[in-house]
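Colleague: Curious how this folds, go ahead:
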Amino acid sequence: MANVEELEKLCQKITSLDPAMRSARIINSRGHLVAGGMKTGLMALESQKQDEMMFMELALRVRMRHEFDKEFGEVHFSMSYRDKVIVMSYPLANDDVLLVSSEKEADFGKIAFKILKLIAPHKKSVSGIF
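Modeller: Got it, this is the predicted structure:
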């Protein structure tokens, strides 16, 4: 995986993709924040304690999704469309995860694939797509 400075730059690129972007964070396999955060000037919708719980749950969920890679193929991203926000997660190398959030008005179809292109160097690929 890239160094923290490179990951911070990647997160900044992602949050600047669209005005509706709220955050971009890299979470390690144990659910700890490695890089990134909220877009400058925005406040998180959740507390820091809730962040920690969400990160640990996300890391576990991403690892568990690998169980179905043989049957369905590799997961490239997952998305939750919620009442207040859109949340997307992207598995990276070493079971790290990119966690991205945006306002509901975001064109998540376009943004999701722009993010895939940006993170291509950080993905461990089985399928050869990235």
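Colleague: just for this protein, where's the confidence low?
Modeller: Within the chain, the stretches falling below the threshold (pLDDT under 70) are 1-2, 42-48, 124-130.
Colleague: secondary structure element for Lys9?
Modeller: Take DSSP states H and E as the rule and Lys9 turns out to sit in helix 4-15.
Colleague: Now the longest helix along the chain: buried residues?
Modeller: The helix that spans the most residues within the chain, counting by DSSP state H, is helix 48-65. Neighbour counts over helix 48-65 (16 or more other C-beta atoms under 10 Å) mark 51, 54-55, 58-59, 62 as buried. C-beta here means a position set from N, CA and C on the backbone, and glycine is covered the same way.
Colleague: again with stretch 97-107
Modeller: 97-102, 106.
Colleague: As JSON lines, these with distance to Ile115 and secondary structure would be great.
Modeller: As requested, these are exported to JSON lines (distance: C-beta to C-beta, whole Å; DSSP: H, G, I helix; E, B strand; the rest coil):
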{"residue": "Val97", "distance to Ile115": "13", "secondary structure": "strand"}
{"residue": "Leu98", "distance to Ile115": "7", "secondary structure": "strand"}
{"residue": "Leu99", "distance to Ile115": "11", "secondary structure": "strand"}
{"residue": "Val100", "distance to Ile115": "6", "secondary structure": "strand"}
{"residue": "Ser101", "distance to Ile115": "12", "secondary structure": "strand"}
{"residue": "Ser102", "distance to Ile115": "10", "secondary structure": "strand"}
{"residue": "Ala106", "distance to Ile115": "11", "secondary structure": "coil"}
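Colleague: Most widely separated two among the residues you listed?
Modeller: Val97 and Ala106 (19.5 Å; C-beta to C-beta).
Colleague: I'd like to check the angle between the helix holding Lys9 and strand 97-102, please.
Modeller: Taking axes from the mean of the first three to the mean of the last three C-alpha atoms, to 10 degrees, one finds that helix 4-15 is oriented at 30 degrees with respect to strand 97-102.
Colleague: Run the chain-centre distance for helix 4-15.
Modeller: Here the centre of helix 4-15 is set off from its chain's centre by 12 Å, with C-alpha atoms, centre = their mean, to the nearest Å.
Colleague: quick one: contacts of it?
Modeller: Outside of helix 4-15, the residues that reach it under the criterion C-beta atoms under 8 Å, 6 or more residues apart in numbering are 1-2, 21-26, 34-37, 39, 98, 100, 115, 118-119, 122.
Colleague: Perfect, I'm done here.
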